[in-house]
Each structure stands twice: as C-alpha cells, then as structure tokens.
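Visitor: sequence? don't have it. structure:
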C-alpha cells in the first residue's frame, strides 16, 4: 500500500489573480499558507487484474478508466494509462467544497501517489504544474493555479503568476514568535451554507474584461506585498485591517461572492471585536476567516456559536509520502 497526503490552504490576499484571464495581462500574486488538514490518497493491489476500484464518498469499480465518474481520478488514471489491478481510496479531513482547496489537494496527492507507485520522482514544481494541467486543461474547470502550488509546496508563501504563464513560489520566512502570534489570531468558522464555486469563478473570470473589475483585482494584488511587509515587521493588527480591505474589494468582483447570510455573519464577527477577515475560497459559502486579538476571541466565538470552528495549525511540509508498505513491491498495476 502507498499512502500520500496533500494539505489544504488558507488564501489571504490576491485570490483571483491566479486566473489566466488576469495574469495573462498583468502579473498576479497570492499570499497563502497551508494548514494541517489534508486529503489522503491510498493505493494498493486489487485482486481483479482487469478492474480499477475507486473509493471516495461512493465506490466505483470499472473495467475501463473511461467509465469512472470521479473526474479527477479518471483523468489521473488516464494520464498513467492504468488498466487494472489497483484500488484507490481517498479520505479528507474536511468535506469537499469547503473553500480550502480540497479538490487540488486531491489532485496533488493522487498524482504523487501514482508517481511513487511507478518508482518515479517528481519535484514540487512539476507536481503543481501537472495538477494544474489535470484540473484546468483536461477538465476545463474555471479555476486558477494557486491551490495546486500551495498544496504541493506547503508553508506560508507568496505565489507569483507571471504573464509568461510561469508560476513561482517565494517562501515567507518569519520570526518564530511572529509566526506563532499570527496563527493564534486567525480563527476559522464554517458557515454551513451551500456553495456555487464554478458559477462564481466563471463570472469572476469573465469580469476581468471589465476595466473597473480588472483594476480592483490589481489593487488586491498590491495588497499582497503590503500584507507580506506587515508580517515581516510584526504589524499583525495591520494585517487584520488589510484583510478587511481585501474582503471589501473581493466582494465587488462577482455578484455571488457574498450574500446576506455571509454579510450578517461577517458583521457579527466585527461587532464582537474581530479586526477583519474574509470568506475563504471562491465565495458564496464555506469557511469565514477572522483576524481577532486574543482578548476578543471569547466574544467572537460566542457570536459565532452556530458555526463550527476549525481548529488547525499551519503546515510547512506540503505534499508528502506517508506510507510505502513492503507488499507494494510484490504487485504492480497494469500500465502501458
């Protein structure tokens, strides 16, 4: 058996600038961190050499990868030309569609798993690029490139999207105490509302043709560098204020990024003492992130009592191999 894992991420600033409709015209950048919530992919020998079995929220068993309903699993297995004798299972620490980049974590973890199974090494840059190819090119999802790179690399980074199409990752190295203090001040709560990620991202992508929307996105990219500097300088309260400014800008990018329920929850958090925050992911629902000083966190938790808090720590490892069991070497999936 081979087990791999890839982390979820929190995107602080610049989300949306990773869409090609933006970075093909103006450089994009995202400030984000991964957290210790993961997607795990396990693969092992399946006794029926003519079949492939996939287990996630449902179980699929097929004689052809073309029959697989799970789009990412199907495309990854097609890429590796798997014909049978393999069972793949996925488990996630947080439900899919949470706004934490779980789909890309699945893609990264599954790609890594298949490369390990073939005894091949792939560096994190290549792994992220191949995950982007699966999701953006092969599946034509209206998404950007930040999640794949965040999950592959791990840690607190500025991810830059160059007009050439190249993506680069720049680690943000903080003083140990600053690192601990910023983590302590960022609280996450689940809204419990349904999400419409694809429609939101499609509208946001199309809105990059509108001059004022494009300018808003540029301002959000500018905040990446200001926010990074506030972290370097230990100006954490300023970081929270910038999150609030970023959220006000992001709400203008597409009509469904926020809604009355989200606005009410966010306002409730500010009234309780949070300095700023944002909705994680494309918008519409998922998790609300707040920056809140320790003395106000009790009040914040009280007013958000109807929303489950996500207890987490920052991750710094990125995707990794967890287990390679000895029996793996006795069987190989049929690949060509």
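Guide: Done, it's in. Every value quoted in this text rests on a predicted model; they were computed, and no experiment measured them. Numbers count the residues shown, from 1 in each chain.
Visitor: alpha carbons only for contacts and neighbour counts from here, please
Guide: Will do.
Visitor: Low-confidence regions, the stretch 51-200 of the chain specifically.
Guide: 193-200 (pLDDT under 70).
Visitor: Let me see the ranges of the strands in it.
Guide: 52-55, 59-62, 82-84, 86-92, 156-161, 167-171, 186-190 (DSSP state E, counting those that start in this stretch).
Visitor: what do you get for the stretch 201-336 of the chain?
Guide: With DSSP E, counting those that start in this stretch as the criterion, the stretch 201-336 of the chain has strands spanning 276-279, 287-291, 309-310, 314-315, 320-324, 334-335.
Visitor: one step back: could you dump the strands of the stretch 51-200 of the chain to CSV with mean neighbour count and distance to residue 109?
Guide: Shown next, in CSV, are the strands of the stretch 51-200 of the chain (neighbours: other Cα atoms under 10 Å; distance: least, Cα to Cα, whole Å):
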stretch, mean neighbour count, distance to residue 109
strand 52-55, 21, 14
strand 59-62, 14, 19
strand 82-84, 21, 17
strand 86-92, 20, 9
strand 156-161, 24, 19
strand 167-171, 15, 19
strand 186-190, 21, 24
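Visitor: can you put these in CSV and add distance to residue 43?
Guide: Formatted as CSV, these follow (distance: least, Cα to Cα, whole Å):
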stretch, distance to residue 43
strand 52-55, 9
strand 59-62, 14
strand 82-84, 12
strand 86-92, 4
strand 156-161, 29
strand 167-171, 29
strand 186-190, 31
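Visitor: which residue ranges form the helices in the stretch 101-250 of the chain?
Guide: 102-117, 124-132, 146-153, 176-184, 197-207, 211-232, 236-250 (DSSP state H, counting those that start in this stretch).
Visitor: Tell me which of the strands of the stretch 51-200 of the chain approaches residue 262 most closely.
Guide: Nearest to residue 262 among those is strand 186-190; the distance by Cα to Cα comes to 10.8 Å.
Visitor: Starting from the closest one, tell me which strands it pairs with and how they run.
Guide: strand 287-291 (antiparallel), strand 309-310 (antiparallel) (DSSP bridges).
Visitor: for these, which one ends up most surrounded?
Guide: Neighbour counts (mean count of other Cα atoms under 10 Å) averaged over each of the strands paired with strand 186-190 peak at strand 287-291, with a mean of 26.
Visitor: domains of the protein?
Guide: Here the domain assignment for the chain is 2-173+316-335, 176-312, based on automatic domain parsing.
Visitor: hmm, back to that, looking at the strands of the stretch 51-200 of the chain, which is closest to residue 267?
Guide: Closest approach to residue 267 among these (Cα to Cα): strand 186-190, 13.7 Å.
Visitor: Understood, closing this out.
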